[in-house]
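K.L.:
this is a predicted model, with the sequence first.
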Amino acid sequence: MSVIRHIRVNLFGLSQAAFAAEIGASQSKISRVESGVAELSLGLARKIRDAALKRGIAWDDALLFEDDIKSDQGRH
């Protein structure tokens, strides 16, 4: 599982469209970053961090630099 998908699903609990709207990005950008087609930009990383802090989510910028995260079921 990509780091961004993990953050979106497990920390925010949102669909791609809702997550994109919350952070001020397009759903297609989120999809491209999650699938590895596009790189995570510094600007998008900041938007994710700011949205997490605004929601009161405990945040550590190191989350954005983890290797791909394996799901509990072993799927990516």
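P.N.:
Structure's in. What do you need? Numbering: from 1, shown residues only.
K.L.:
so, low pLDDT: which residues of this protein?
P.N.:
By pLDDT under 70, the low-scoring segments of the chain are 67-76.
K.L.:
ranges for the helices of it?
P.N.:
Using DSSP state H, the helices found in the chain span residues 3-6, 16-23, 27-35, 42-55.
K.L.:
how about the ones you listed, which one is nearest residue 66?
P.N.:
helix 3-6 (5.2 Å; Cβ to Cβ). For glycine as for every other residue, the C-beta is placed from the backbone atoms N, C-alpha and C.
K.L.:
so what secondary structure elements neighbour that closest one?
P.N.:
The contact analysis (3 or more Cβ pairs under 8 Å, 6 or more residues apart in numbering; DSSP states H and E) places helix 3-6 against helix 27-35.
K.L.:
now the helix it packs on against helix 42-55, angle please.
P.N.:
Between the axes of helix 27-35 and helix 42-55, defined by axes from the mean of the first three to the mean of the last three Cα atoms, to 10 degrees, the angle is 100 degrees.
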